[in-house]
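> Need coordinates for the below:
(chains A, B, C and D)
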There are 2 protein chains.
Amino acid sequence: MLDARKKAILFVAVQEYILTAEPVSSQKLVEKYQLGVSSATVRNELASLESMGYLHQPHTSAGRVPTDIGYRYYVDGISDKPGLTNQEEKAILRLFSAIDIEMGDLLRETAQILSGITNYIAVALAPSYKRSTLKHIDLVPLSPKHVLIVLITDKGQVLKRTVSVEPFGKDIGDLERLLNERLQGLGRSEISSLRENIDLPDPELVHPARALLNAILDIIMSEDKERVFLSGTTSIFKQPEFDDLERVQILLDTLEHGYRLMQWLEDSARTQKVLVRIGSENSDEDIRDCSVVASSYQLDDESEGTLGIIGPTRMNYARAISAVGFVSDSLSKVLIELRH
Amino acid sequence: MLDARKKAILFVAVQEYILTAEPVSSQKLVEKYQLGVSSATVRNELASLESMGYLHQPHTSAGRVPTDIGYRYYVDGISDKPGLTNQEEKAILRLFSAIDIEMGDLLRETAQILSGITNYIAVALAPSYKRSTLKHIDLVPLSPKHVLIVLITDKGQVLKRTVSVEPFGKDIGDLERLLNERLQGLGRSEISSLRENIDLPDPELVHPARALLNAILDIIMSEDKERVFLSGTTSIFKQPEFDDLERVQILLDTLEHGYRLMQWLEDSARTQKVLVRIGSENSDEDIRDCSVVASSYQLDDESEGTLGIIGPTRMNYARAISAVGFVSDSLSKVLIELRH
DNA sequence: ATTTAGCACTCTACTTGATGGAGTGCTAGG
DNA sequence: CCTAGCACTCCATCAAGTAGAGTGCTAAAT
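Modelled structure (predicted):
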């Protein structure tokens, strides 16, 4: 592989570029970091590193810029370095302690925290709720014809929707009690199978009960759409590489749709603690010049979600990795505490 | 005032500038619009309009650009012009019919619709909830130590928060029933005054009841913060006048805080159907080069909210006014239908 | 009295060419 | 194997020049 000096030079070169966003020259390196050799030697090494594919030269008389491979080497070498100060970690914890713990709000704010400390775009994905079960149903009449359905699941989500129903004689409280009795603890598929053959004591309730059951099922099924929480899409412009408006526009449009994003992250974060994908390592065209740092968090024993950030390949990886890891851990802790 | 020809020329000049975002020349006007006079005549008129303050010339050999006064004159003249096609209106209605009618979601999506059709930043403000009353309280135990409180108000909002409580012997259902009994139909101030001197049948309930009551009050009081819904902050970059990143950054930062925004809009929209504030007509420094189009919508007999858009002074006013008006009406209709 | 053709004038945006400097690669000597 | 030195390359910047867009004004036309 690389000898010690090449490695050291590559490291400081990447570090310097991450700091300044300017191609780094041999001179700058020797005067800023104590390399113990002259700029000429560094030049030779840089040329060598370039031929190995770690660096790239925009033009003949310019400094060097890391390639994706160069970043990769750098990232693999710094995975243990602390990127956050103690104070920052404390501040994050403080933020977490102030959040409400309802699932949606929690993730929304988590994404905000993450984008706030990194200045990159942050994403939080709720776990797949396919296996969650109904904990409580609430029917609130808003008008003679409208009922607000509030569903609470064992994972702590609150799902709600207003539906219009035909007025019926009985008290809606009866229906609420009945539905709670029958549906509590059931998952998607079970509710689905109940839909047609629910037996009711009172024939007058059959019609409205069925209507509500359909609505409830619909709420549970459609709720996968609300799994993506984005934040920091406006602060991303602080990064110099995103001065090209059109490029950013494309990126943001892609993100807003969110579908692919879920894949980018979910495929990734399963395996390792914090996963880093640099530039062309991403399978998706639209983020070939971005890096993704992702991690999964634990919701409970059986299910996990994903969160991460998206930024330029010239990213402060040490900080980004620490931030994602720490936020992910903190989130897991909050969630675990909630269920104990 | 202005004679017929000046008026016509000013109108097409503004129109052309809105379309192209380029200073308009006398030639362009005569060849594009049938003015029936030569470019020289138009030039004279333009010079005259400039001296009256309706137009402005960036430099001697450039075309003309409308001033805020020019825009104002234009806007006052087109207030009846239809800015949306029938198809677009139908599309909007379709979108509305698909939205869930819970207040928060409704406003979030309304803002999205508005920014989607105008490509400007859209804002929706929920009505002040100061006078809303509690309709229903839901206590859902998530763990032995955590309770999810869900509040539903007569205006159809769903407020929720998780709180930790000391475990206590009694069934939480009792407490829920009790709180519902005592608090239903009460407003902020009444609940507040109940806080200390609530009398309970069971002394064992006093402690947890008081804790929950405090939490409930806190939820109701803090919920003013959640009144601002922003959308379209990323699509604003499609407008050529926002190519200056720094300026946009400032604008967005201001908007994210949202406080002032509420004033900008709320002061405005009370009086007229759709209110337009152009550039320097805005009292706030930070949006001196933006225009605001706002309207209020009806929640019920006693309260109303506000929605609107913020864009460059070079705005498609006809379209913007129509869009804001139509969306506002649609929203009011949905809300009224909900309560009948 | 108003409109218009014609023209000189102004200002900008763009191109071109020249210059300085940053940074490299290479060579020869330590 | 390292390094001092130097020639070379390429970029960024600036000045000067040019083309063109658009105006304002004047004098003729209606």
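
> which residues of chain A fall in helices?
Residue ranges of the helices in chain A, as given by DSSP state H, are A:4-20, A:26-32, A:39-51, A:68-78, A:86-98, A:103-118, A:172-183, A:188-194, A:206-222, A:245-257, A:259-269, A:317-339.

> Enumerate every residue touching residue A:96.
Residue A:96 is in contact with A:110, A:113, A:330-331, A:334, counting by Cβ atoms under 8 Å, 6 or more residues apart in numbering or on different chains. Bear in mind the C-beta positions are built from the backbone N, C-alpha and C, glycine included.

> now do residue A:309
The neighbours of residue A:309, taking Cβ under 8 Å, 6+ apart as the test, are A:114-115, A:118, A:120-123, A:232, A:292-294, A:320, A:323-324.

> Same question for residue A:14.
Residues in contact with residue A:14 (Cβ under 8 Å, 6+ apart) are A:66, A:70-71, A:74.

> What does the pLDDT read for it?
pLDDT recorded at residue A:14 is 97.

> what's the average pLDDT for stretch A:280-300?
Stretch A:280-300 carries an average pLDDT of 86.

> Tell me which residues of that stretch come out buried.
Neighbour counts using 16 or more other Cβ atoms under 10 Å in any protein chain shown place A:281-282, A:287, A:290-300 of stretch A:280-300 among the buried residues.

> ok, now stretch A:189-204?
A:191, A:198.

> Enumerate the residues of the stretch 101-250 of chain A near chain B.
Taking Cβ under 8 Å from any Cβ of the partner chain, the part of the stretch 101-250 of chain A that reaches chain B is made up of A:101-102, A:105, A:135-136, A:138, A:140, A:142-143, A:145-146, A:148, A:150, A:152, A:156, A:158, A:160-162, A:233-234, A:237-238, A:243, A:245, A:248-249.

> let's see 6 Å
Residues of the stretch 101-250 of chain A lying near chain B by Cβ under 6 Å from any Cβ of the partner chain: A:101-102, A:136, A:138, A:140, A:142-143, A:146, A:152, A:156, A:158, A:160-162, A:233-234, A:237, A:245, A:249.

> The residues you listed in strands, which ones?
A:136, A:138, A:140, A:142-143, A:146, A:152, A:158, A:160-162 (DSSP state E).

> pLDDT score for residue A:256?
pLDDT at residue A:256 comes out at 67.

> Format the ones in strands among the residues of the stretch 101-250 of chain A next to chain B as TSV; extra columns: distance to DNA strand D.
Below are those laid out as TSV (distance: Cβ to the nearest atom of the strand, whole Å):
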residue	distance to DNA strand D
A:136	63
A:138	63
A:140	62
A:142	58
A:143	59
A:146	57
A:152	58
A:158	54
A:160	55
A:161	55
A:162	54
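
> Low-confidence stretches in the stretch 101-250 of chain A?
Low-confidence segments of the stretch 101-250 of chain A, defined by pLDDT under 70: A:101, A:169, A:223-226, A:243-246.

> Which residue, other than its chain neighbours, is closest to the one residue in it that gets nearest to DNA strand C?
Proximity of the stretch 101-250 of chain A to DNA strand C (Cβ to the nearest atom of the strand) peaks at residue A:240, 16.6 Å away. Distances taken as Cβ to Cβ, 6 or more residues apart in numbering or on different chains place residue A:21 nearest to residue A:240, at 5.2 Å, with adjacent residues excluded.

> what about the one you found, neighbour count?
Counted with other Cβ atoms under 10 Å in any protein chain shown, the neighbours of residue A:21 add up to 13.

> can you check residue A:80 too?
Neighbour count for residue A:80, taken as other Cβ under 10 Å: 8.

> what does the one 3 residues further on give?
By the measure other Cβ under 10 Å, the count of residues near residue A:83 is 19.

> Quick check: the nearest residue to it once chain neighbours are set aside vs residue A:95, distance?
Distances taken as Cβ to Cβ, 6+ apart put residue A:322 closest to residue A:83, at 3.3 Å, once the chain neighbours are dropped. Distance from residue A:322 to residue A:95, counting by Cβ to Cβ, to the nearest Å: 16 Å.

> cool, and residue A:155?
Taking Cβ to Cβ, one finds residue A:155 at 22 Å from residue A:95.

> now swap in residue A:289 and tell me
Residue A:289 is 31 Å from residue A:95, by Cβ to Cβ.

> Same question for residue A:307.
Distance from residue A:307 to residue A:95, by Cβ to Cβ: 14 Å.

> Looking at the two, which one has more neighbours?
residue A:307 (25 against 17).

> Beta-bridge partners for the more buried one, please?
residue A:124, residue A:295 (DSSP bridges).

> How about the contacts made by residue A:157?
Going by Cβ atoms under 6 Å, 6 or more residues apart in numbering or on different chains, residue A:157 touches residue A:103.

> Please determine how far it is located from residue A:197.
According to Cβ to Cβ, residue A:157 stands 27 Å off from residue A:197.

> right, and residue A:328 touches residue A:295 too?
Yes - Residue A:328 lies in contact with residue A:295 (Cβ atoms under 6 Å); the separation is 4.1 Å.

> residues from the stretch 151-300 of chain A in reach of DNA strand C?
Residues of the stretch 151-300 of chain A that fall close to DNA strand C, judged by Cβ under 7 Å from any atom of the strand: none.

> which residue does the stretch 51-200 of chain A bring closest to DNA strand C?
For the stretch 51-200 of chain A, Cβ to the nearest atom of the strand, closest residue to DNA strand C: residue A:61, 3.7 Å.

> show me the contacts for that residue.
Residue A:61 sits in contact with no residue, where contact means Cβ under 6 Å, 6+ apart.

> Now the phi/psi pair for it, please.
phi -100, psi 30 (degrees, to the nearest 10).

> how close does residue A:38 sit to residue B:47?
Taken as Cβ to Cβ, the span from residue A:38 to residue B:47 is 68 Å.

> I meant to write residue A:66 there.
Separation of residue A:66 from residue B:47 (Cβ to Cβ): 58 Å.

> and what of residue A:9?
Distance from residue A:9 to residue B:47, by Cβ to Cβ: 66 Å.

> again with residue A:26
Taking Cβ to Cβ as the measure, residue A:26 falls 61 Å from residue B:47.

> higher neighbour count, the two?
For residue A:26 versus residue B:47, the count of surrounding residues by other Cβ under 10 Å is larger for residue A:26: 23 against 14.

> Done for today, thanks.
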